[in-house]
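Trainee: Sharing a sequence plus its predicted fold:
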Amino acid sequence: MAAAEGPTHHALADTWVFWEQRAKNVDKEPWQERHLQLCEVDTVEAFWTAFTLLPTPLQYFGYDKTQAAVIHREDEKNPGQLRCSEVKQALLFRKGCEPFTEFKNAAGEQVNKSRVDVRMALRRKDDVKDAMEVWKEMLLMIVGGSISDEPSIVNGANISDKSKANAQSWRIEVWLNVPDSSPAVGAMKKHIERTFKKR
């Protein structure tokens, strides 16, 4: 009798890291220190596990800023203690690339050179479901390599709450390792517009 096979895992082309950007706890806290790596994913199954278990944008931001969640996680500077703060951004980045404009690789070259953004107005609560679906689909396009004919130019993406007093909105930014002048950036913008034009 043949030995039973273990569960099948479908490898992603790259390893990706989920991050949170938290509100600052103390004055003069460097904003880089407010970014927390949550977990790495390198298979389809690991991605879905993480995506399902981590808070959704709605849980992070609330609908009108009055329902924003306070996230409790271990304080990496004070092991054994909890840090309680609101989350300003949810992010997914390629392993080895950090979500800072100033981030440089080992050769000293700037890695994050441009961004493509998608703004989503939340005029009704039903719009929140659509916005969360756009975020999910954007991440799937990124890890699956279908966001561009040149998927290696994508470093990651983030979603943030850009709501104002009387206008609720979220914004997704896709971070790229090529400048705005690159033809690949224009092609990606058109692809994203076609994909989400009905949203």
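Mentor: Arrived safely, thanks for sending. Numbers count the residues shown, from 1 in each chain.

Trainee: any weak-confidence spans in the protein?
Mentor: 1-7, 25-29, 31, 63-85, 198-199 (pLDDT under 70).

Trainee: Could you point out the longest helix of it?
Mentor: If you go by DSSP state H, the chain has its longest helix at helix 125-144.

Trainee: Show me what it is in contact with.
Mentor: With CB atoms under 8 Å, 6 or more residues apart in numbering as the test, helix 125-144 has contacts from 12, 14, 16, 41, 47, 51, 56-58, 63, 92, 118, 120-122, 146-147, 151, 154, 156-157, 159, 170, 172, 174, 192, 195-196, 199. (Each C-beta comes from the backbone N, C-alpha and C, glycine too.)

Trainee: Any of those buried? List them.
Mentor: Buried members of the contacts of helix 125-144, counted by 16 or more other CB atoms under 10 Å: 12, 14, 16, 41, 47, 51, 56-58, 63, 92, 118, 120, 122, 147, 151, 154, 156-157, 159, 170, 172, 174, 192, 195-196.

Trainee: Mark which of those residues are part of strands, please.
Mentor: Judged by DSSP state E, these include 12, 14, 16, 41, 92, 118, 120, 154, 156-157, 159, 170, 172, 174 as members of strands.

Trainee: Same list (those residues) but as CSV, adding distance to K104.
Mentor: What follows is those, written out as CSV (distance: CB to CB, whole Å):
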residue, distance to K104
L12, 25
D14, 19
W16, 20
V41, 25
L92, 20
V118, 27
M120, 31
V154, 18
G156, 16
A157, 20
I159, 25
W170, 29
I172, 24
V174, 20
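
Trainee: Relative to P183, which of those residues is nearest.
Mentor: Checking these against P183 with CB to CB, the nearest one is V154 at 15.1 Å.

Trainee: just the helices in the protein please.
Mentor: Ranges of helices within the chain are 44-53, 57-61, 125-144, 183-196, based on DSSP H.

Trainee: Turn those into TSV, including distance to E109.
Mentor: Rendered in TSV, the data for the helices of the chain read as follows (distance: least, CB to CB, whole Å):
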stretch	distance to E109
helix 44-53	28
helix 57-61	32
helix 125-144	22
helix 183-196	18
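
Trainee: Would you mind measuring from Y60 to K95?
Mentor: As judged by CB to CB, to the nearest Å, Y60 and K95 stand 22 Å apart.

Trainee: Compare those two (neighbour count), which wins?
Mentor: Neighbour comparison, Y60 and K95: the larger count goes to Y60, with 21 against 13 (by other CB atoms under 10 Å).

Trainee: follow-up on the earlier one: closest to T101 out of the ones in strands among the buried ones among the contacts of helix 125-144?
Mentor: Lowest distance from T101 to those (CB to CB) belongs to G156, with 12.4 Å.

Trainee: Distance of that closest one relative to Q89?
Mentor: From G156 across to Q89, the span is 11 Å (CB to CB).
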